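Asks: prediction below, plus the sequence it came from.
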Amino acid sequence: MAGRDGSARTPLTRIALGRARVVREVRAAAPLMADLAAPIPARGPWLTAVLNDQAAHRSPGVRPVAVVVEAHPQGRPDAVAFLTLRRRGWVTEVTLLGQGVGPVPPGRAPARLLARNPVVAELLAEGVCGLLGSLRGPWRLRLTGLPLGDPTARALIARQPDGLIGNERSSRLVDDLDGVGSVVRSRDPRELERWLPQLLSREPDPRACGFLRAAARLHVAIAQVEVAVVADGNALRAGLLTLVDGDDRWPWWGWTGIGGLGSEMGAPLVGLTAPVRRWP
């Protein structure tokens, strides 16, 4: 990385702790997310919905944090890890921001440790380890939903002698609604609002229901959610929310009483865990 005078700049690593600071880092990372073609659940609008969900529930002992690698202070980042610190008894659990908040769309890796190249991925891993070293008391690292070959995950596991990295096969949601009835598909926010109450009435978890409502409204406003329904008048028979990114369609969440929603094998997901211990 070079400065204006052509001299090389040494990337700096810093930590931003707390919702307000992490919101600023999410906004600053938008160009990096776009350059890396991050999936929708690893982009600014989704992460903002997660931060809003955390703030709304005011969970004690839960703090968002960002580990940032950049060429100069307050510049555009070259690598970022958005994380959550959660106090569970005497242990601080470190997870990815958004991990466990959802539902997230199934079948692909929804999470990213954002790094522009392998060099800054190494620096990002060092920064995460530095964060762990700054925590008071024991901690546990548990990152899930990452893609195969994630360079920061590799760098992290190399620095965790008792850590484990494992793969699991996901299952993706299949949209076959066209085969069971007349389907109406729309990205119009008014159509989403029309059908959302009936859709959400099928979700038994109140917190998941709240996140679905907020995230769907946020993403339909930027034309990244499609609602598809099969209905008899105003009575919903089947419905599906799909995340849309250009030509890419990613079935997210749905309900049916007549079939038309199936599942099939999805992409492998990577998880990284380090057991409870203190950083030496």
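Replies: It's in. Residues are numbered from 1 along each chain as shown.
Asks: when you work out contacts or count neighbours from here on, use the C-alpha atoms and nothing else.
Replies: OK.
Asks: got a pLDDT number for residue 90?
Replies: On the pLDDT scale, residue 90 is placed at 86.
Asks: all strands of this structure, in order?
Replies: Secondary structure of the chain (DSSP state E): strands at 12-17, 62-70, 77-88, 91-96, 114-115, 139-146, 164-175, 184-186, 225-232, 235-245, 248-256, 261-277.
Asks: quick check: buried residues in the longest one?
Replies: Residues of strand 261-277 classed as buried under the neighbour-count rule (16 or more other CA atoms under 10 Å) are 261, 266-274.
Asks: mind listing what it pairs with, with the direction of each?
Replies: strand 139-146 (antiparallel), strand 164-175 (antiparallel) (DSSP bridges).
Asks: now do the fifth one
Replies: Strand 114-115 has these partner strands in its sheet, going by DSSP bridges: strand 77-88 (antiparallel).
Asks: for the second one, same thing?
Replies: Paired neighbours of strand 62-70 in the sheet (DSSP bridges): strand 12-17 (antiparallel), strand 77-88 (antiparallel).
Asks: mind exporting the C-alpha coordinates of the shortest one to PDB?
Replies: In other words, strand 12-17. C-alpha atoms of strand 12-17 as PDB (Å, rounded to 0.1, in the frame of the first residue of the first chain):
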ATOM      1  CA  LEU A  12      -2.700  -0.200  10.900                       C
ATOM      2  CA  THR A  13      -5.000  -2.400  12.900                       C
ATOM      3  CA  ARG A  14      -7.500  -1.000  15.400                       C
ATOM      4  CA  ILE A  15     -10.500  -2.100  17.300                       C
ATOM      5  CA  ALA A  16     -13.900  -0.300  17.400                       C
ATOM      6  CA  LEU A  17     -16.100  -1.200  20.300                       C
END
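Asks: quick one: low-confidence parts of the chain?
Replies: Across the chain, the ranges flagged by pLDDT under 70 are 1-9, 73-74, 277-280.
Asks: would you map out the domains in it?
Replies: 12-169+267-277, 177-259 (automatic domain parsing).
Asks: so which of the strands paired with strand 62-70 is the most surrounded?
Replies: Across the strands paired with strand 62-70, averaging neighbours per residue (mean count of other CA atoms under 10 Å) puts strand 77-88 on top, at a mean of 22.
Asks: okay, the angle between that strand and strand 91-96?
Replies: With axes from the mean of the first three to the mean of the last three CA atoms, to 10 degrees applied, the angle from strand 77-88 to strand 91-96 works out at 140 degrees.
Asks: what does strand 77-88 contact?
Replies: Residues from elsewhere that reach strand 77-88 (CA atoms under 8 Å, 6 or more residues apart in numbering): 22, 28-29, 32, 60-71, 92-98, 112-116, 120-121, 124, 128.
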